[in-house]
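A.B. asks: structure of the sequence below:
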Amino acid sequence: MAKAREIAGLRSGDRFADVAVRVVSTRADELLEHSEGVLETSKIERVHAMRVASRRLRAAMEVFAPCFPRKPFKKALKEVKEIADALGERRDCDVSIAALRYFGAALSDADRRGVLMMVEGLEEKQAVANQGVAPVVERPRLEQLRARIAELTAAAERGNA
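C.D. replies: Sure, this is the predicted structure:
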């Protein structure tokens, strides 16, 4: 699993809004970092890492919601949720395919054929799920989301929640 990046410079006496800025910014950067190669179905850990990053970002945003202007915050959070949902659909297929391949490897040839047919069906579902992931992980869209989050954190720094 992708290890969460440490949040640099946090101190116990920091203002809540300052902590929000550091945490949410770091988690948003992680989301972009983990988007590389996420559509490659042979690299299932990339989907997992990005999904975990999206869930960490979502959790951080929800914890620090009072620090951000409401309307732009809700829009950004909705987009983070869409990313997580699309990645979850794809991840479910990835995990099932890997489990069935592992299970099938120990079976007789006759039994393995049935498992492989199930894998083929899941691979079709995986391809459809990947089509749902593709638009939400396009680099320009993720960079726009990152820019919106930067605007939110700048507002939090100014105290404009």
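A.B. asks: the residue nearest to Phe64 when sequence neighbours are not counted: what secondary structure?
C.D. replies: Excluding the flanking residues, the one nearest Phe64 by Cβ to Cβ, 6 or more residues apart in numbering is Ala20, at 3.5 Å. (Glycine included, C-beta is placed from N, CA and C.) Secondary structure assignment for Ala20 (DSSP: H, G, I helix; E, B strand; the rest coil): helix.
A.B. asks: give me the pLDDT for Ala20.
C.D. replies: pLDDT, Ala20: 96.
A.B. asks: ditto for Asn160
C.D. replies: With respect to pLDDT, Asn160 scores 75.
A.B. asks: equivalent analysis for Met1, please.
C.D. replies: 57.
A.B. asks: which SSE is immediately downstream of the helix or strand hosting Leu116?
C.D. replies: Using DSSP states H and E, Leu116 falls within helix 109-136. Using DSSP H and E, the next helix or strand after helix 109-136 towards the C-terminus is helix 139-158.
A.B. asks: show me where pLDDT drops low in this structure?
C.D. replies: Within the chain, the stretches with pLDDT under 70 are 1, 161.
A.B. asks: tilt between the helix or strand containing Asp85 and helix 139-158?
C.D. replies: Assigned by DSSP H and E, Asp85 falls within helix 70-105. Angle between the axes of helix 70-105 and helix 139-158 is 130 degrees (criterion: axes from the mean of the first three to the mean of the last three Cα atoms, to 10 degrees).
A.B. asks: residues in contact with the closest residue to Val52 other than its chain neighbours?
C.D. replies: Counting by Cβ to Cβ, 6+ apart, Val52 lies nearest to Ala2, which is 5.3 Å off, once chain neighbours are set aside. In this structure, Ala2 makes contact with 30, 34, 48-49, 52-53, judged by Cβ atoms under 8 Å, 6 or more residues apart in numbering.
A.B. asks: helix, strand or coil for Ala2?
C.D. replies: The three-state label given to Ala2 by three-state DSSP is coil.
A.B. asks: quickly note the distance from it to Cys93.
C.D. replies: 19 Å (Cβ to Cβ, to the nearest Å).
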